[in-house]
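A.B. asks: here is a sequence together with a model predicted from it:
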Amino acid sequence: MEEEIKIEDDFTLIRFQNDSSEPFYAQHEIGTGLIQFHFGIKGNAKFLFNQGNYALELKEEKSLLLYNPQKELPLNLELAPNSWVISVIVSIKKFHALFSAEADYITFLSPDNKDKKYYNEGNISPSMAIVLSQLFHYNLHPSIKNLYYKGKGYELLSLYFNRTEDPNAEQCPFLIDEENVLKIRKAKEIVIANMAEPPGLQELADEIGLNLKKLKMGFKQIYGDTVYGFLFDYKMDFARKLLDSGSYNVNEVGLKIGYSTGSHFIAAFKKKFGTTPKKYLMSINANV
């Protein structure tokens, strides 16, 4: 699904959410003079150009900035299963008005670069991750929705250009939350690295230095799922990639992701993809 929120003239925010097991495609015309910011919150996405002949990948916890004053850059998005992206589209005119005093600080606003195309890939900082999560989990009264998104949209842009952000800085207003975001990311890395034998929730909480309640709430807020719900989706996607490679049989794939019995793996795979691993393999081979 996608939701387009017009915050102001020349300032639009788009939420892309694909919770299905199939890729999701979206297209938007983007005129010249518009800057595109794309934020990968969960999963993977691709931006396709020149009728699909060229692609830019957007991975989880990464951002893309695209700007070309010479030609239109239509938004042609391929969103992988279980993936979320937020895009912010703002005109260069509005952007100049916001950052005119800092034009030298922001590279592509400097006089030397104003007519040049610009591309930048970066990391999503902990404070940006919090704002993106808030944009995805909006639960306030509908009457203030636009005002809320407007405030968060501007906050997101300011954090994007806050290059000197230091999670350890005492004056940082999001200090506690930022530390927690880093710990939650570490928890995700731990369960992925140990997907065949993941730690228990209490053990995981102890390892990252959070209490159990904060681990559960924080993980759900950032990744939109429970720890084991997220891990299940990750394992099934990993299993599908192993089957795609043609290097492993069904039992070998099941063992690699932690299923000691083939029947349990088959049931889990069918729950996720609606077909058995064997039938999935047959469908791949039929299409080769």
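C.D. replies: Ah, there it is.

A.B. asks: what helices and strands are in contact with the worst-scoring helix or strand of the chain on mean pLDDT?
C.D. replies: The least trusted helix or strand in the chain, going by mean pLDDT, DSSP states H and E, turns out to be helix 92-99, with a mean of 74. If you count contacts as 3 or more CB pairs under 8 Å, 6 or more residues apart in numbering; DSSP states H and E, helix 92-99 packs onto strand 34-42. Using the backbone N, CA and C atoms, a C-beta is placed for each residue, glycine as well.

A.B. asks: the strand it packs on - what's its average pLDDT?
C.D. replies: With pLDDT averaged residue by residue, strand 34-42 scores 91.

A.B. asks: now do that strand: distance to the chain's middle.
C.D. replies: How far strand 34-42 lies from its chain's middle: 9 Å, per CA atoms, centre = their mean, to the nearest Å.

A.B. asks: confidence score at Ala103?
C.D. replies: Ala103 carries a pLDDT value of 46.

A.B. asks: so where do the helices sit in the protein?
C.D. replies: For the chain, helices defined by DSSP state H occupy the ranges 92-99, 126-136, 145-160, 175-193, 201-208, 212-223, 227-245, 250-256, 262-273, 277-287.

A.B. asks: quick one on the thing from earlier: which positions within the least confident helix or strand of the chain qualify as buried?
C.D. replies: Across helix 92-99, burial judged by 16 or more other CB atoms under 10 Å covers 92, 94-95, 98.

A.B. asks: thinking again about what came up before, and the helices of the chain, which is most packed in?
C.D. replies: When you average the neighbours per residue for each of the helices of the chain (mean count of other CB atoms under 10 Å), helix 126-136 leads with a mean of 22.

A.B. asks: can you give me the angle that helix makes with helix 145-160?
C.D. replies: 160 degrees (axes from the mean of the first three to the mean of the last three CA atoms, to 10 degrees).

A.B. asks: between helix 126-136 and strand 34-42, how big is the angle?
C.D. replies: Interaxial angle, helix 126-136 versus strand 34-42 (the same axes, to 10 degrees): 90 degrees.
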